[in-house]
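*Asks:* Next come a sequence and a model predicted from it.
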Amino acid sequence: SAVISQKPSRDICQRGTSLTIQCQVDSQVTMMFWYRQQPGQSLTLIATANQGSEATYESGFVIDKFPISRPNLTFSTLTVSNMSPEDSSIYLCSVAGRSSYNEQFFGPGTRLTVL
Amino acid sequence: RKEVEQDPGPFNVPEGATVAFNCTYSNSASQSFFWYRQDCRKEPKLLMSVYSSGNEDGRFTAQLNRASQYISLLIRDSKLSDSATYLCVPRENNDMRFGAGTRLTVKP
């Protein structure tokens, strides 16, 4: 499995500000995924990020609110823009495994609290 | 109907017990299936993939019934360290749908 790191691990932010979360993988991967997990809930996919193309967003998530960069095959960023308390959540990046089953492996997450 | 339905639990069992979790999914085009475990305040970690014929990994046995769109996980001889939330995850192409999870607490 890939080794995935995320920065920051946690942050407390003021309403109206933006936070950029970084995700670094120890090997080259084609697809990276960004998820959100709100308290007591399961994971919800925000978007899929392929290197060299625009991210693909899921229903309910838009690029203006969650811009994503994917400058190379080992790195991606997710920005949470113009934050409100409803954005308080854990944000996780994920990459697909190499087996034919395409399981996914997750970074440790970024715990965001918006005041 | 939710895409992935799991009994939320919690399941509270003594050490050594056998416990089974069930999961139903609505997308008949799902191609692969997984069980993840998630410890409190941690990221989900892959427990096992679920093969069509069913598969076993030590104390863990997974079964798949495509006709009924049903997946199960059996844990034998429960350990304290098995306490976690277990997430059922069917996948279609690159689209993985996470269940809300079943919480298990194993007590001494």
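*Replies:* Now that the structure is in, tell me what you want to look at. Numbers count the residues shown, from 1 in each chain, chains lettered A, B, ... in the order given.
*Asks:* quick one: low-confidence parts of chain A?
*Replies:* A:99-101 (pLDDT under 70).
*Asks:* Around residue B:56, how many other residues sit close by?
*Replies:* Burial of residue B:56 is recorded as 13 neighbouring residues (other Cβ atoms under 10 Å in any protein chain shown). The way it works is simple: take the backbone N, C-alpha and C, and place the C-beta from them, glycine included.
*Asks:* Give me the longest strand you can find in chain B.
*Replies:* Longest strand in chain B, counting residues (DSSP state E): strand B:84-92.
*Asks:* from the chain's centre, how far out does it sit?
*Replies:* 6 Å (Cα atoms, centre = their mean, to the nearest Å).
*Asks:* Where does pLDDT dip in chain B?
*Replies:* For chain B, the ranges with pLDDT under 70 are B:1.
*Asks:* Flag every residue of chain B that's near chain A.
*Replies:* Contacts of chain B with chain A, taken as Cβ under 8 Å from any Cβ of the partner chain, map to B:32, B:34, B:41-46, B:49, B:87, B:91, B:94-96, B:98-101.
*Asks:* Please name the residues that touch the residue nearest the centre of chain A.
*Replies:* Nearest residue to the geometric centre of chain A (Cα atoms, centre = their mean): residue A:34, 3.2 Å. Contact analysis of residue A:34 by Cβ atoms under 8 Å, 6 or more residues apart in numbering or on different chains lists A:23, A:45-49, A:66, A:68, A:76, A:78, A:91-94.
*Asks:* Also residue A:78?
*Replies:* A:20, A:21, A:23, A:34, A:46, A:47, A:66, A:67, A:68, A:91, A:93.
*Asks:* Go through the residues you listed and name the one nearest residue A:7.
*Replies:* residue A:21 (7.2 Å; Cβ to Cβ).
*Asks:* Excluding chain neighbours, what is closest to residue 107?
*Replies:* Picked chain A for this. The spatially closest residue to residue A:107, leaving aside those adjacent along the chain, is residue A:4, at 3.8 Å (Cβ to Cβ, 6 or more residues apart in numbering or on different chains).
*Asks:* wait, I meant chain B there
*Replies:* residue B:14 (5.7 Å).
*Asks:* these two touch, right, residue B:13 and residue B:107?
*Replies:* Yes - under the criterion of Cβ atoms under 8 Å, residue B:13 makes contact with residue B:107 at 7.1 Å.
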